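Asks: Just to be clear, the model below is a prediction. Sequence and coordinates:
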Protein chains: 2
Amino acid sequence: MPNPKIKINTGISPFPMPVVIVGAIVEGKPNFMTVAWFNRLNSRPNLWGMVIGEKQYTLEGIQEAREFSMNIPNVDLVVKTDYAGIVSGRKEDKADHFEVFFGESKNAPMIKECPVTAECKVYDIVELPGSKFVIGEIIHAYSEEIYMTDGVTDSKKIRPFVFTAPEHHYRELGEKIGTAFADGKALLRDE
Amino acid sequence: MPNPKIKINTGISPFPMPVVIVGAIVEGKPNFMTVAWFNRLNSRPNLWGMVIGEKQYTLEGIQEAREFSMNIPNVDLVVKTDYAGIVSGRKEDKADHFEVFFGESKNAPMIKECPVTAECKVYDIVELPGSKFVIGEIIHAYSEEIYMTDGVTDSKKIRPFVFTAPEHHYRELGEKIGTAFADGKALLRDE
């Protein structure tokens, strides 16, 4: 078929992107920054990768300690999450705005207000043009009973939000519209 | 403060994950597979990275041609998107279920039903345990007027969906709850 579409600006981003607040100890103090360019990379070990600009303050701490935290914010934390993505830890003590706690590592400050948090060790750092792709292994993960059902995390209770571009909107999640690894079976060829 | 949380299984995934259908020419024919472990990596060039299992049929085509497509599905395509993630192109001709078109490259089959599509060139392939992290550069991007407002893509018109784990649900996007790079300014220290 002929191309039914029109060319658009190539600067597109995924529709939509998840949001995480990364924590590290920088110059002896907890610091946090918001990242939308991240995802999971591997099952076992559980690796996550995230993009951090090469001049970011947080990157200094991660590269030094080789440890950091990942904190999943929810809809109650939109303003603080946005704040942590706007200003550099070089200018303001962002940790002031969060209740900070530690698990097993002294280099992975975590945010109490975030429904799910994790301690990570650096697995690898890949060079990108202008940034680093930090690959971390989830060593310990944490949540609270109020965010869980039958012993596992429940997205309906966590109430995470996403980031859309180019609008730069934060949006909550809507209704369930399908079940993965199940709905598609209807199209399988009969054997 | 003492650790206010409890340890949970470390096999967590981001809350939530975006969804994309990757297209490639494998053994001379268009093939498609669904990926949830992907995101953007860089601005200029616009690089996206995605995880593909090392035995996936689609990977063979990507590694041979060094070109592929990214296709953003919407809520009308949940069943087909799930199907493309369940069965291997070695077993079924998945392209049968989509209206396929080409842009500039003969190696990047795209899906008409997807509101946004893109042609990509391989930028790098990073080895992971059991999979490859394929980094592609967006060379051309496509959409249609019905998915755009004032000349740019509009997520409200595109109606993308996300994947949540461990529930394995697909969910549509909900209401706007904030504006990025704006709401957080309320917390900036006065200069």
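Replies: Right, received. Where do you want to start? Nothing here was measured: the structure is a model prediction, and the numbers come from that model.

Asks: From here on, just use CA atoms for contacts and neighbour counts.
Replies: Noted.

Asks: Which residue, other than its chain neighbours, is closest to residue A:103?
Replies: Closest residue to residue A:103 in three dimensions, ignoring its sequence neighbours and counting by Cα to Cα, 6 or more residues apart in numbering or on different chains: residue B:3, at 6.3 Å.

Asks: Under a three-state scheme, what state does the one you found occupy?
Replies: Following DSSP: H, G, I helix; E, B strand; the rest coil, residue B:3 is assigned to coil.

Asks: Who are the contact partners of it?
Replies: A:101, A:102, A:103 (Cα atoms under 8 Å, 6 or more residues apart in numbering or on different chains).

Asks: which one of those has the most neighbours?
Replies: residue A:103 (22 neighbours; other Cα atoms under 10 Å in any protein chain shown).

Asks: residues near residue A:150, how many?
Replies: Residue A:150 has 7 nearby residues by other Cα under 10 Å.

Asks: What of residue A:54?
Replies: So residue A:54, with other Cα under 10 Å, has 16 neighbours.

Asks: Okay, and the beta partners of the closest residue to it other than its chain neighbours?
Replies: Spatial nearest neighbour of residue A:54, excluding adjacent residues (Cα to Cα, 6+ apart): residue A:131 at 4.5 Å. For residue A:131, the beta-bridge partners under DSSP bridges are residue A:53, residue A:128.

Asks: go on, residue A:136?
Replies: residue A:48, residue A:122.

Asks: Quick check: phi and psi on residue A:76?
Replies: Main-chain dihedrals, residue A:76, degrees, to the nearest 10: phi -80, psi -10.

Asks: Next, count neighbours for it.
Replies: Applying other Cα under 10 Å, I find that residue A:76 has 14 neighbouring residues.

Asks: mind checking how far it is from residue A:114?
Replies: 9 Å (Cα to Cα, to the nearest Å).

Asks: Now do the contacts for residue A:100.
Replies: A:109, A:110, A:111, A:112, B:1.

Asks: ok, so of those residues, who is nearest residue B:188?
Replies: Of all these, residue B:188 sits closest to residue A:111, with 19.0 Å by Cα to Cα.

Asks: which regions of chain A lie under the pLDDT threshold?
Replies: Confidence mapping of chain A against pLDDT under 70 gives the ranges A:191.

Asks: show me where it has strands.
Replies: Along chain A, counting by DSSP state E, strands occupy A:6-8, A:20-26, A:29-35, A:38-42, A:47-53, A:67-72, A:100-101, A:110-111, A:116-128, A:131-143, A:148-149, A:152-153, A:161-164, A:169-179.

Asks: Quick one, which of those gets closest to residue B:37.
Replies: Among the strands of chain A, strand A:38-42 sits nearest to residue B:37 (Cα to Cα), with 5.6 Å.

Asks: Please identify the pairing partners of that closest one and their relative orientation?
Replies: Take DSSP bridges as the rule and strand A:38-42 pairs in its sheet with strand A:47-53 (antiparallel).

Asks: and the partner strand, how far out from the chain's middle?
Replies: Centroid displacement of strand A:47-53 relative to its chain, using Cα atoms, centre = their mean, to the nearest Å, is 9 Å.

Asks: Give the buried residues for it.
Replies: Buried residues in strand A:47-53, counted by 16 or more other Cα atoms under 10 Å in any protein chain shown: A:47, A:48, A:49, A:50, A:51, A:52.

Asks: Distance to residue B:25 added to those, as CSV?
Replies: Converted to CSV, the buried residues of strand A:47-53 look like this (distance: Cα to Cα, whole Å):
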residue, distance to residue B:25
A:47, 29
A:48, 29
A:49, 28
A:50, 29
A:51, 29
A:52, 33
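
Asks: ok, so of these, who is nearest chain B?
Replies: Set against chain B, the nearest of the buried residues of strand A:47-53 by Cα to the nearest Cα is residue A:51 (6.1 Å).

Asks: need the contact list for that closest one.
Replies: A:35, A:37, A:38, A:131, A:132, A:133, A:134, B:41, B:42.

Asks: Quick one: which of those residues is the most crowded by neighbours?
Replies: The most crowded member of these, judged by other Cα under 10 Å, is residue B:41 (28 neighbours).

Asks: got the end-to-end distance for stretch A:110-122?
Replies: 16 Å.

Asks: which residues sit against that stretch?
Replies: If you take Cα under 8 Å, 6+ apart as the criterion, stretch A:110-122 is touched by A:23, A:62, A:66-74, A:77, A:98-103, A:105, A:108, A:134-144, A:147, A:158, B:4-5.

Asks: same question, stretch A:68-81
Replies: A:19-25, A:34, A:62, A:97, A:107-111, A:113-122, A:158-161, A:170, A:172, B:14-15, B:177-178, B:183-184, B:186-187.

Asks: are any of the residues you listed buried, and which?
Replies: The buried subset of these - by 16+ other Cα under 10 Å - is A:19-25, A:34, A:62, A:107-111, A:113-122, A:158-161, A:170, A:172, B:14-15, B:177-178, B:183-184.

Asks: how far does stretch A:32-49 sit from the chain's center?
Replies: 6 Å.

Asks: Any idea how far apart the tips of that stretch sit?
Replies: Stretch A:32-49 stretches 17 Å from its first residue to its last (Cα to Cα).

Asks: Could you do stretch A:151-164 as well?
Replies: Stretch A:151-164 has an end-to-end distance of 31 Å (Cα to Cα).
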